[in-house]
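S.K.: just to be clear, the model below is a prediction. Sequence and coordinates:
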Amino acid sequence: MASKKVKKEIRDWAIFAGVLLTLYLTGLHTDVAAFAQRMVLATGIANPNTEVASEKTKAAYDFTLDQLEGESLNFEDLRGKVVFINFWATWCAPCVAEMPSIDGLYEIYKDNPDVVFVMINVENKEDKVKKFLKKKKFSFPIYFPNASRIPKVYESKGIPATFVLDKDGFIAYKKIGMASYDADNFVNFIARLAK
C-alpha cells in the first residue's frame, strides 16, 4: 500500500518536473510566469501609490539613449515634460507582466506632447527586443543605454524599475517591482502632472 503511494508521488513529481523543464527549454517560462503575475495585477493589489512624496529628488537629464530604430535621444531635450521611465528586460517576468498596462497608459498619452515614454531595455540586445516587440505588439518606444551611463538617481537593485519625472525636473514617482499603470489612479496622476 505504501509503495503504491510512493510510486504515485514519484510519478507526480516527475510530471511536474517534466512540465517545468519543457517550459524552460521552449522559452515559455517567462510568458507563463508573466501571465500568472498579470492575473495578480488584475486584482488591483499592485495598483501604484500616487501620493506625492514629502521629499522630492532632483531628476537627472545628463545622458543620451539610443532608440531601437537607431536615433539618439538626448535626455536634456525632455526637460519641462512629464517623463515615464521604465527599466526592463525580455527575460524579466514581472516586466513582461506589467507591459500591457504600460502600453495601455502609453496609448492614452501618446498624442500628448507634454508626456513622454522612455522604455529602457537593460539587455542591449536589439534583435532579441525586436522579436519580443513583434510577438507582443507593444507600441511604446524602446531605448538602450548604449550611448552613455544612466545617472545614479535612476539606479535600482531590481527591475522593473519605474520613474516618473514631473515638469519641474523632480522624480514624482518611483517604483521597483511591477504595477498596473493603466489603473485610473495612475492615469489621473499623469494627467495632474501634465497640466
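M.R.: Here it is on my side, so go on.
S.K.: neighbours around residue 146, how many?
M.R.: 11 (other C-beta atoms under 10 Å). (Glycine included, C-beta is placed from N, CA and C.)
S.K.: Three-state assignment for it, please.
M.R.: coil (DSSP: H, G, I helix; E, B strand; the rest coil).
S.K.: which non-adjacent residue is nearest residue 48?
M.R.: residue 179 (4.3 Å; C-beta to C-beta, 6 or more residues apart in numbering).
S.K.: I meant residue 133, not that one.
M.R.: Nearest to residue 133 is residue 142, by C-beta to C-beta, 6+ apart, at 6.9 Å.
S.K.: ok, that neighbour touching residue 68?
M.R.: Yes. With contact defined as C-beta atoms under 8 Å, residue 142 reaches residue 68; the gap is 4.2 Å.
S.K.: between the two, tell me which one has more neighbours.
M.R.: Using other C-beta under 10 Å, the more surrounded residue of residue 142 and residue 68 is residue 142, with 21 against 15.
S.K.: mind checking the end-to-end distance for stretch 49-61?
M.R.: In stretch 49-61, first residue to last residue: 24 Å (C-alpha to C-alpha, to the nearest Å).
S.K.: roughly how far does residue 132 sit from residue 171?
M.R.: Distance, residue 132 to residue 171, by C-beta to C-beta, to the nearest Å: 27 Å.
S.K.: what's the first helix or strand after the worst-scoring helix or strand of the chain on mean pLDDT?
M.R.: For the chain, using mean pLDDT, DSSP states H and E, the weakest element among its helices and strands is helix 29-42, scoring a mean of 61. Once the chain leaves helix 29-42, the next helix or strand it forms, by DSSP states H and E, is strand 57-58.
S.K.: partners of the following helix or strand past that next one in the sheet?
M.R.: For strand 57-58, the succeeding helix or strand toward the C-terminus, using DSSP H and E, is strand 64-67. The strands beside strand 64-67 in its sheet (DSSP bridges) come out as strand 72-74 (antiparallel), strand 142-144 (antiparallel).
S.K.: neighbouring contacts of strand 64-67?
M.R.: 72-75, 118, 120, 141-148 (C-beta atoms under 8 Å, 6 or more residues apart in numbering).
S.K.: sorry, back to before: you'd agree the residue nearest to residue 48 is in a strand?
M.R.: No. Remark: residue 179 does not belong to a strand; assigned using three-state DSSP, it is coil.
S.K.: need the pLDDT of it.
M.R.: In this model, residue 179 is scored at 92, pLDDT.
S.K.: any idea how many residues pack against it?
M.R.: 21.
S.K.: angles on the backbone of the closest residue to residue 115 other than its chain neighbours, please.
M.R.: Leaving aside its sequence neighbours, residue 115 sits nearest to residue 109 (C-beta to C-beta, 6+ apart; 4.1 Å). Main-chain torsions, residue 109, degrees, to the nearest 10: phi -110, psi 0.
S.K.: ok, residue 109 - contacts?
M.R.: Residue 109 is in contact with 115, 117, 190, 194, counting by C-beta under 8 Å, 6+ apart.
S.K.: picking that back up, can you say which of the strands paired with strand 64-67 is packed in most?
M.R.: Compared across those, strand 142-144 shows the largest average neighbour count, a mean of 20 (mean count of other C-beta atoms under 10 Å).
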